[in-house]
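> generate coordinates for the sequence data below:
(one chain, ligands or ions: 1)
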Amino acid sequence: MSAFSLQLTDDQRTVRDWVHTFAADVLRPAAAEWDEREETPWPILQEAAKIGLYSLDFFSTQAFDPTGLGIPLTMEELFWGDAGLGLSIVGTTLAAAGVVASGTPEQVATWAPQMFGTPDDVKVAAFCSSEPDAGSDVSAMRTRATWDEATGEWVLNGVKTWATNGGIAHIHIVVATLDPTLGARGQASFVVPPGTPGLRQGQKFKKHGIRASHTAEVILDNVRVPADCILGGKDKIDERLARAREGGRAGRSNAAMATFESSRPAVGAQAVGIARAAYEYALDYAKTREQFGRPIIDNQAVAFTLADMRTRIDAARLLVWRASWMATTGQSFDAAEGSMSKLYAGETAKWVTTNAMQILGGNGFTREYPVERMHRDSAIYTIFEGTSEIQRLVIARTISGVPIR
Ligand SMILES: Cc1cc2nc3c(=O)[nH]c(=O)nc-3n(C[C@H](O)[C@H](O)[C@H](O)COP(=O)(O)OP(=O)(O)OC[C@H]3O[C@@H](n4cnc5c(N)ncnc54)[C@H](O)[C@@H]3O)c2cc1C
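Numbers count the residues shown, from 1 in each chain. You can find the predicted model right below:
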């Protein structure tokens, strides 16, 4: 193992600067328009695909960065550009992570490339875990998967909600229960291939922020998928269920949690990107806006707020980098470091954007200035991929060993 260093490699700096240029030149100028249109920005996805940014190849190369920093660096720059457009670009990666977390190498090779399509025919994918009555409590999931012995197919029935790219996705990854009596341990993930009858979009949500990202219900009505669409393979899942029924350990995590664990630091990095964008804007504004005959940054009240913003952003980034490095180098999260990074980065983004708005005064409250959008966008970061309360629950249980409720 090399000596401790926070120095980025030449490759990492090159990737970061390349994504930054795309974020500055393509995402920033388009952000307000797509926020208002509140629909999937296909032309932006196409532009990202044409330069190779929206591709399995790019994201998997970053995911295989041996230091773990490839994905956080990419996320921070994209979301510095714009969070709604950023999520439209990276929404597919949550579904891809679902396949990587639970699938066999053959399943990853079959399905992951299809999720992105090609630059001429761009596709997106969706990861469907949440349900109307199973949000934080993943174990309450009702969507059922049953095995049809006669046809050798899985049959999925249920209602998923809040799915990013739900209904417009080429491929949906659906978490379903095979045995509701086992709670989260009775669940598995399924690939629903393109054009499968019975899957349709329900309500599309009108949201407070990240409005360029499509969020919708997904209805599963007798959706039949081939036997090999269960991630991990039928035999392995059958064995896991048998162990769970005998009361043994059925593996540390269930299908949904395996996906979320691997994606939490990446989501934290998105929040860092939003926070940094709002902080930079507020810093520039504070230096140029004059009141009482001097720039407002001359007042400690304003300057100290900016000092706190920068400190919290840097602390959040370091927590994200630590968690990503630990995950990549195979270290276990003994103090729930992944949850810690997402918790702190999400809360930081909300705090920083709120204070940035304050520094901009009345202007901060209008859509003429981007901080208003950043403030709305930041709000989701204490809600999705596990709310702040759930992150605290995970951390508290992990550090104490006490089954805190
Ligand atoms: C824009 C958006 C995109 C999303 N994308 C996806 C996606 O792609 N795929 C997907 O599967 N899901 C997605 N989600 C769902 C998201 O993960 C859930 O909204 C989230 O997990 C919270 O669930 P819930 O909304 O049902 O809230 P609830 O679970 O009902 O929680 C409500 C409140 O109660 C608190 N609470 C609940 N239980 C406890 C407890 N034990 N202790 C303390 N407090 C508690 C929560 O912290 C929260 O404050 C998305 C959501 C949104 C809004």
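
> residues from the stretch 151-300 of the chain in reach of the ligand?
Residues of the stretch 151-300 of the chain found near the ligand (C-beta under 6 Å from any ligand atom) are 162, 163, 164, 207, 210, 215. (Glycine included, C-beta is placed from N, CA and C.)

> in this structure, which helix or strand is least confident?
Lowest mean confidence among the helices and strands of the chain (mean pLDDT, DSSP states H and E): helix 255-288, at a mean of 90.

> tell me how far that helix lies from the chain's centre.
11 Å (C-alpha atoms, centre = their mean, to the nearest Å).

> show me what it packs onto, helices and strands only.
Judged by 3 or more C-beta pairs under 8 Å, 6 or more residues apart in numbering; DSSP states H and E, the packing partners of helix 255-288 are helix 70-81, helix 83-102, strand 187-192, strand 294-295, helix 300-328, helix 337-359, helix 370-378.

> can I get the ones you listed in TSV with mean neighbour count and mean pLDDT?
What follows is those, written out as TSV (neighbours: other C-beta atoms under 10 Å; pLDDT from 0 to 100):
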stretch	mean neighbour count	mean pLDDT
helix 70-81	27	98
helix 83-102	26	96
strand 187-192	25	97
strand 294-295	12	98
helix 300-328	19	97
helix 337-359	25	98
helix 370-378	25	98
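
> CSV for the ones you listed, including distance to residue 225?
What follows is the helices and strands packed on helix 255-288, written out as CSV (distance: least, C-beta to C-beta, whole Å):
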stretch, distance to residue 225
helix 70-81, 29
helix 83-102, 14
strand 187-192, 6
strand 294-295, 61
helix 300-328, 30
helix 337-359, 30
helix 370-378, 35
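
> residues in contact with the residue of the chain found nearest the ligand?
The nearest approach of the chain to the ligand comes at residue 135, 1.7 Å away (C-beta to the nearest ligand atom). Applying C-beta atoms under 8 Å, 6 or more residues apart in numbering to residue 135 gives the contacts residue 162.

> begin at 237, not 1, for the rest of this chat.
In the new count, where the first residue is 237, that last one comes out as residue 371.

> how far away is the nearest residue to residue 544 once chain neighbours are set aside from residue 540?
Once flanking residues are discounted, residue 544 sits nearest to residue 591: 7.8 Å by C-beta to C-beta, 6 or more residues apart in numbering. From residue 591 over to residue 540 the distance is 11 Å, taken as C-beta to C-beta, to the nearest Å.

> what does residue 516 give?
From residue 516 across to residue 540, the span is 17 Å (C-beta to C-beta).

> with residue 335 instead?
Using C-beta to C-beta, residue 335 is found at 46 Å from residue 540.

> could you check stretch 461-475 and say which residues are buried?
By 16 or more other C-beta atoms under 10 Å, the buried positions in stretch 461-475 come out as 461, 465, 466, 467, 468, 469, 473.

> so who does the residue lying closest to residue 526 once chain neighbours are set aside touch?
Among residues not flanking residue 526 along the chain, residue 532 sits closest, at 7.1 Å (C-beta to C-beta, 6+ apart). Applying C-beta under 8 Å, 6+ apart, we find residue 532 in contact with 522, 525, 526, 538, 595.

> about what we covered before: dump the buried residues of stretch 461-475 into TSV; add secondary structure, distance to residue 327 and pLDDT as well.
As requested, the buried residues of stretch 461-475 are exported to TSV (DSSP: H, G, I helix; E, B strand; the rest coil; distance: C-beta to C-beta, whole Å; pLDDT from 0 to 100):
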residue	secondary structure	distance to residue 327	pLDDT
461	strand	22	98
465	helix	21	98
466	strand	23	98
467	coil	19	97
468	coil	23	96
469	coil	26	96
473	helix	26	94
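
> appreciated, that's everything.
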